[in-house]
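> only geometry, no sequence info:
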């Protein structure tokens, strides 16, 4: 549900708490150039320079700028780290690791966090977990928020260490105290993971609201789903759901954009002008380098194309492509069921919906879709049973309701 991963969180590290090259010294133009092209985003180094995330880094320009700076000023550990970022983006993994290691050995502790993330992400498990923990602990001891968050995630997920949610919560709180905004979402996710029926849900909702106030896009996506479904004590509120999905999409979360498009398609089925925005959002998500979300977006696009007269490409091809990419998705199986139904294969459609339900048993719409199929096939008792399950399912029940009228949405 949360969609967060250690790789993503590790690489959204901040540079808070790091001592930079003394501003009292004259800054060489080569250092400024390296800072300009390769500094981490949201961290001011010198002269008001603000950097970029690795995904947006112009690697050739960063390498061209940082190589001479690194050669001329070998004692400035930051330059080794920033050149390492350029090599990392260029795919030169060995040199990137060597530069990160050099920066770490020279006392630039942010490099410890990046190195740890690389080792944790390496399928060959080339580092003993104790070495990874040592890298992170040295940075954590210096109160580096991203290192504290990384330790929290390891203990939260049980990645290379024994799972310890209580310790993870302590690390999340310490990271938050050091100004690490992303840790707020991690803490909320941990609280949700620990939730069991009967617990007070207010601390979880408060934690997600806190993360959302700090512009965490994934927190807005979770809040959107809670309002859409009336989860954790929140009311079923399509206005609040759409508002949070809008915010998530605006902050760059493709999952939020997908959820927004799905709600828009349900609300404005008869308004092709407004429906077009949902189609545009889905196309954008479908074009991302994320096979899971891409396949889901293709599947929803295909369903829209089969159900509504709006240009989405070839709906059949979109759904078949989604099946090739990720047939293990409930969204994809549901779209495939509709495709089979249009071809007259009712049994095949029913089997696909049965798979979708098994993959995502909490999702109400697939029970309702299968109930319609079973009714058409003459199995009225099973249809009634499936409809009852749809009405009892905790997620997606909004889509069983009549769409909110456009005039009401505009109020």
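On my side now, so go ahead. This structure is a prediction, so every number in the text was calculated from the model and none was measured. Residues are numbered from 1 along each chain as shown.
> Please verify my assumption that residue 62 contacts residue 86.
Yes: at 3.8 Å, residue 62 and residue 86 qualify as touching, with contact defined as C-beta atoms under 8 Å. Bear in mind the C-beta positions are built from the backbone N, C-alpha and C, glycine included.
> State the distance from residue 345 to residue 377.
12 Å (C-beta to C-beta, to the nearest Å).
> Sorry, slip of the keys, the one I care about is residue 370.
10 Å.
> Those two: which has the busier surroundings?
Neighbour count, other C-beta atoms under 10 Å: between residue 370 and residue 377, residue 370 has more, with 26 against 14.
> OK, contacts around that one?
For residue 370, the residues meeting the contact criterion (C-beta atoms under 8 Å, 6 or more residues apart in numbering) are 350, 353, 354, 357, 386.
> Pull out the buried residues from those.
350, 353, 357, 386 (16 or more other C-beta atoms under 10 Å).
> need those in CSV with distance to residue 196, can you?
Below are these laid out as CSV (distance: C-beta to C-beta, whole Å):
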residue, distance to residue 196
350, 34
353, 30
357, 24
386, 27
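> Filter these down to the ones in strands?
With strands defined by DSSP state E, no entry of these lies inside them.
> quick revisit: overlap of the contact sets of residue 370 and residue 377?
residue 350.
> what's stretch 271-287 in contact with?
249, 254, 257-258, 260-262, 264-265, 268-269, 293-294, 296-298, 300-301, 304, 308-312, 318, 406.
> buried set for the one helix or strand residue 120 maps to?
Taking DSSP states H and E as the criterion, residue 120 maps to helix 110-121. Residues 110, 111, 112, 113, 114, 115, 116, 117, 118, 119, 120 are the ones in helix 110-121 that count as buried (16+ other C-beta under 10 Å).
> Give the rounded mean pLDDT of it.
In this model, helix 110-121 carries a mean pLDDT of 88.
> From the contact counts, what lies against that helix?
Here helix 110-121 touches helix 6-10, helix 77-90, helix 93-105, helix 129-141, helix 145-157, going by 3 or more C-beta pairs under 8 Å, 6 or more residues apart in numbering; DSSP states H and E.
> which residues sit against the longest helix along the chain?
Counting by DSSP state H, the longest helix found in the chain is helix 291-307. Outside of helix 291-307, the residues within contact range by C-beta under 8 Å, 6+ apart are 254-255, 258, 261-262, 265, 269, 275, 278-279, 282-283, 285-288, 310-316, 318-319, 321-322, 325-326, 329, 331-332, 334-336, 338-339, 342.
> Name the next helix or strand downstream of it, please.
helix 315-326.
> sorry, back to before: now the contacts of stretch 271-287: which count as buried?
Using 16+ other C-beta under 10 Å, the buried members of the contacts of stretch 271-287 are 249, 254, 257-258, 260-262, 264-265, 268-269, 293-294, 296-298, 300-301, 304, 308, 310, 312, 318.
> Show me the shaky parts of the stretch 1-150 of the chain.
Regions of the stretch 1-150 of the chain meeting the criterion pLDDT under 70 cover residues 1-26, 41-49, 122-127.
> Tell me, how many residues neighbour residue 68?
Counted with other C-beta under 10 Å, residues neighbouring residue 68 total 17.
> wait, isn't it in contact with residue 31?
No: using C-beta under 8 Å as the test, residue 68 is too far from residue 31 to be in contact (9.8 Å).
> Out of the buried residues of helix 110-121, which comes closest to residue 182?
Nearest to residue 182, judged by C-beta to C-beta, of the buried residues of helix 110-121 is residue 113 at 12.2 Å.
> so that closest one touches residue 144, yeah?
Yes: using C-beta under 8 Å, residue 113 makes contact with residue 144 at a distance of 6.7 Å.
> Against residue 349, how distant is residue 343?
9 Å.
> When those two are compared, which one has more neighbours?
Comparing residue 343 with residue 349 by other C-beta under 10 Å, the one with more neighbours is residue 349, at 24 against 11.
> Next up, the contacts around the more buried one.
337, 338, 340, 341, 373.
> quick one: low-confidence ranges for the stretch 301-411 of the chain?
402-411.
> Out of the helices and strands packed on helix 110-121, the one nearest residue 163 is which?
helix 145-157 (6.6 Å).
> quick check: angle from the closest one to helix 110-121?
Calculated by axes from the mean of the first three to the mean of the last three C-alpha atoms, to 10 degrees, helix 145-157 forms an angle of 20 degrees with helix 110-121.
> starting at the chain centroid, how far to helix 145-157?
17 Å (C-alpha atoms, centre = their mean, to the nearest Å).
> The next helix or strand after that helix packs against which elements?
Scanning forward in sequence from helix 145-157 by DSSP H and E, the next helix or strand is helix 165-177. Applying 3+ C-beta pairs under 8 Å, 6+ apart, we find helix 165-177 packed against helix 145-157, helix 182-194.
> Got the domain ranges for this protein?
Under the assignment automatic domain parsing, the domains of the chain span 28-108, 346-401.
> Just put these in a markdown table and tack on distance to residue 240.
Output for these, formatted as a markdown table (distance: least, C-beta to C-beta, whole Å):
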| stretch | distance to residue 240 |
| --- | --- |
| domain 28-108 | 28 |
| domain 346-401 | 12 |
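> Nearest to residue 225, out of these?
Across those, closest to residue 225 is domain 346-401 (C-beta to C-beta), at 7.4 Å.
> how long is the closest one end to end?
25 Å (C-alpha to C-alpha, to the nearest Å).
> From the chain's centroid, how far away is that domain?
28 Å.
> Equivalent analysis for stretch 318-331, please.
20 Å.
> Let me know the pLDDT of residue 271.
On the pLDDT scale, residue 271 gets 83.
> Tell me how many other residues surround residue 104.
24.
> buried residues in stretch 234-247?
Applying 16+ other C-beta under 10 Å to stretch 234-247 flags 234, 238, 240, 241, 242, 243, 244, 245, 246, 247 as buried.
> Tell me which other helices or strands the helix or strand the fourth one falls within touches.
Residue 241 is part of helix 238-250 when elements are defined by DSSP H and E. Contact partners of helix 238-250 among helices and strands, from 3+ C-beta pairs under 8 Å, 6+ apart: helix 217-229, helix 254-267.
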